[in-house]
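Trainee: what shape does this take:
(chains A and B)
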Amino acid sequence: MTKTPLQFRHNGRDVALFVDGGVNLLVALRELIGDMTPKFGCGQGGCGACSVLIDGELHLSCLTLAETVNGRAVETLDGLRDGPNLHPLQRAFMEHFAAQCGYCTPGMLMAAKALLDRNPSPTRAEVIEAISGNICRCTGYEPIINAVLAVATSGRARA
Amino acid sequence: MPVTVKTFASFGEAASALSSDRSARYLGGGTLVMRALNEGDVSISTVVRATDRALTRIDMSSSRITIGAGVTFARILAERDLAFLHAPARSIGGPAVRNMGTVGGNLFAPAPYGDFTVALLALDATISVQGGLGARDMTIEEFLQSRERQSGALVLAVSCQRPASADAFRFRKIARIKPKGGSVITLAAHLPSSGGRISGARIALGSMAATQIRARAAERALEGRALDDATINAAASVAAEGASPTDNALGSAWYRREIVGVHLRRLLSGLE
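Mentor: Residues are numbered from 1 along each chain as shown, chains lettered A, B, ... in the order given. Below is the predicted model:
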């Protein structure tokens, strides 16, 4: 079967690759580009571990046909930090112990970023709603919610 | 297993490709077809897509609104004039699923999903489909009854009448996990009234049969009556009539039959 050429912006960098028909974006990112930050959880859209931003909008990379991001911008956790400097959300997650096993953390951070990018001062209910598609089996969610709210109230959301 | 992906600029070409290949599936937001591909569904060998902007159009120029099949739930939530559809749109998935999932795709979502379709059924929606024999409109009931045979047709749009008032349309999804979770049962009620009496009531249920269904006995109990306690109790007592729910991890068929009347009573009473 012929492969399809695909070009898109990955964390601010242009990438070009060939994908098999039906391959999802998560596989393209992890196996073809080597960005291991989005995680494979369920492959069914139920856990949110594979969450990425496509043109700034939160999407599940496991349910995104890779070809559909041609010419678009994909952001993953790998692009969140600025060189050696962690993103405020990453720092807040550490300060609030918002990660234990860490498997959900990339998806949680991208869901939180999607929220704060459009609403820098969310309420607690809005944070809960924003991460409702992301499952965490370790933390009980409270430290995650507190971390996101800490970034929002500190005004660091857009830093 | 790799599949062939065919992308078309027009929905007409996509519909032709879909109707001519039994193993082709249309990819809208991806939340159903990509799940199937990730599971290794070998019945799909071709994925058909259309980039036609007509599929993402919303027409609210009259009291009858038309929503393109490719419109996402996030887009519905962004439209202030579609406030009556916000509760069903918000009930679906988390933000990422709402950014991806489409109105057209929801028509094919099996239980415990397909909550938006419950709302459309209560609103007596019309479904525009394009198949091998051309385009046609069908009632949503007709569509749902023949849903298994519709995979070769492309849904273009759904249309429905805007409810006369915010109170005339009500929606309730019962889920184990809040704010996101599969449906134990989903209920929607359209209650047009004339002179204080209900005229043309529609009650739709999700997860109470293989597809979304109307609770016709409950509708009959409401018809021509004022929405008082006696009428609400009469409707609630027959809510499960004609339903054929099944057991799943979210609830047993018995449990669904037991609670559907309780939640219909709450919905009709305006209780949270």
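Trainee: now the strands: where do they sit in chain B?
Mentor: Using DSSP state E, the strands found in chain B span residues B:4-8, B:24-26, B:46-50, B:58-59, B:64-68, B:126-131, B:134-139, B:154-161, B:169-175, B:183-190, B:193-194, B:197-198, B:202-206, B:213-214.
Trainee: between the ones you listed, which one is closest to B:Leu227.
Mentor: For the strands of chain B, the distance to B:Leu227 is smallest for strand B:197-198, at 6.2 Å, taking Cβ to Cβ. C-beta here means a position set from N, CA and C on the backbone, and glycine is covered the same way.
Trainee: average pLDDT across the closest one?
Mentor: Across strand B:197-198, pLDDT averages out at 96.
Trainee: helices or strands up against it?
Mentor: Using 3 or more Cβ pairs under 8 Å, 6 or more residues apart in numbering or on different chains; DSSP states H and E, no helix or strand is in contact with strand B:197-198.
Trainee: hmm, who's touching that strand?
Mentor: For strand B:197-198, contacts defined as Cβ atoms under 8 Å, 6 or more residues apart in numbering or on different chains pick out B:Leu191, B:Pro192, B:Leu222, B:Glu223, B:Gly224, B:Arg225, B:Ala226, B:Leu227, B:Thr231.
Trainee: hmm, try it at 6 Å
Mentor: With contact meaning Cβ atoms under 6 Å, 6 or more residues apart in numbering or on different chains, strand B:197-198 is reached by B:Leu191, B:Leu222, B:Gly224, B:Ala226.
Trainee: of those, which is the most crowded?
Mentor: Most neighbours among the contacts of strand B:197-198, by other Cβ atoms under 10 Å in any protein chain shown: B:Leu222, with 25 neighbours.
Trainee: so who does it touch?
Mentor: Contacts for B:Leu222 were tallied using Cβ under 6 Å, 6+ apart; they are B:Ile198, B:Ala201, B:Ala235.
Trainee: export these to CSV and tack on neighbour count?
Mentor: Below are the contacts of B:Leu222 laid out as CSV (neighbours: other Cβ atoms under 10 Å in any protein chain shown):
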residue, neighbour count
B:Ile198, 23
B:Ala201, 26
B:Ala235, 28
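Trainee: nearest to chain A: which residue in the stretch 151-272 of chain B?
Mentor: Nearest residue of the stretch 151-272 of chain B to chain A, counting by Cβ to the nearest Cβ: B:Lys180, 4.2 Å away.
Trainee: chain B now?
Mentor: For chain B, Cβ to the nearest Cβ, closest residue to chain A: B:Gly94, 1.9 Å.
Trainee: what about the residue lying closest to that residue once chain neighbours are set aside, how many neighbours?
Mentor: Residue nearest to B:Gly94 in three dimensions, not counting chain neighbours: A:Gly133, with 1.9 Å by Cβ to Cβ, 6 or more residues apart in numbering or on different chains. A:Gly133 sits with 24 neighbouring residues when counted by other Cβ under 10 Å.
Trainee: quick one, grab the pLDDT at the closest residue to chain B within chain A.
Mentor: Chain B sits closest to A:Gly133 of chain A, with a gap of 1.9 Å, by Cβ to the nearest Cβ. In this model, A:Gly133 is scored at 95, pLDDT.
Trainee: kindly report the same for A:Ala157.
Mentor: Note on A:Ala157: pLDDT of 56.
Trainee: hmm, back to that, distance check, the residue of chain A closest to chain B against B:Ala96.
Mentor: As defined by Cβ to Cβ, to the nearest Å, A:Gly133 lies at a distance of 5 Å from B:Ala96.
Trainee: also B:Leu144?
Mentor: Distance from B:Leu144 to B:Ala96, counting by Cβ to Cβ: 27 Å.
Trainee: in the contacts of strand B:197-198, find the pair that's most separated.
Mentor: Pairwise distances across the contacts of strand B:197-198 (Cβ to Cβ) peak at 12.3 Å, for the pair B:Leu191 and B:Gly224.
Trainee: name the nearest residue to the residue of the stretch 151-272 of chain B closest to chain A, sequence neighbours excluded.
Mentor: A:Ser132 (4.2 Å).
Trainee: list the contacts of the one you found.
Mentor: A:Ser132 touches B:Gly94, B:Pro179, B:Lys180, counting by Cβ under 6 Å, 6+ apart.
Trainee: now swap in A:Ile54 and tell me
Mentor: A:Val69, A:Arg72, A:Val74.
Trainee: ok, A:Ala66 touching A:Gly22?
Mentor: No: using Cβ atoms under 6 Å, A:Ala66 is not in contact with A:Gly22; the gap is 8.7 Å.
Trainee: need the residues of chain A near chain B, please.
Mentor: For chain A, the contact set with chain B under Cβ under 6 Å from any Cβ of the partner chain comprises A:1, A:20-22, A:24, A:43-45, A:51, A:57-60, A:63-65, A:67, A:129-130, A:132-133.
Trainee: just the buried residues of those residues.
Mentor: The neighbour-count test (16 or more other Cβ atoms under 10 Å in any protein chain shown) marks A:20-22, A:24, A:43, A:45, A:51, A:57-60, A:63-65, A:67, A:129-130, A:132-133 as buried among the residues of chain A next to chain B.
Trainee: still on that earlier bit, need the buried ones from the contacts of A:Ile54 selected in PyMOL.
Mentor: Of those, the buried ones can be selected in PyMOL as follows, counting by 16+ other Cβ under 10 Å:
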select buried, chain A and resi 69+74
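Trainee: just the contacts of A:Ile54: which are in strands?
Mentor: If you go by DSSP E, the contacts of A:Ile54 have A:Val74 in strands.
Trainee: let me have the contacts of A:Ile54 in TSV, adding pLDDT as columns.
Mentor: Converted to TSV, the contacts of A:Ile54 look like this (pLDDT from 0 to 100):
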residue	pLDDT
A:Val69	97
A:Arg72	98
A:Val74	98
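Trainee: tell me which of the contacts of A:Ile54 is nearest to B:Ser20?
Mentor: Looking across the contacts of A:Ile54 and measuring by Cβ to Cβ, the closest to B:Ser20 is A:Val69, at 27.7 Å.
Trainee: kindly provide the distance from that closest one to A:Thr123.
Mentor: A:Val69 is 32 Å from A:Thr123, by Cβ to Cβ.
Trainee: just B:Ala230 next, same as before
Mentor: Between B:Ala230 and A:Thr123 the computed distance is 41 Å (Cβ to Cβ).
Trainee: go on, A:Ile131?
Mentor: To A:Thr123, A:Ile131 is 13 Å away according to Cβ to Cβ.
Trainee: quick one: which of those two has more around it?
Mentor: Neighbour count, other Cβ under 10 Å: between A:Ile131 and A:Thr123, A:Ile131 has more, with 27 against 11.
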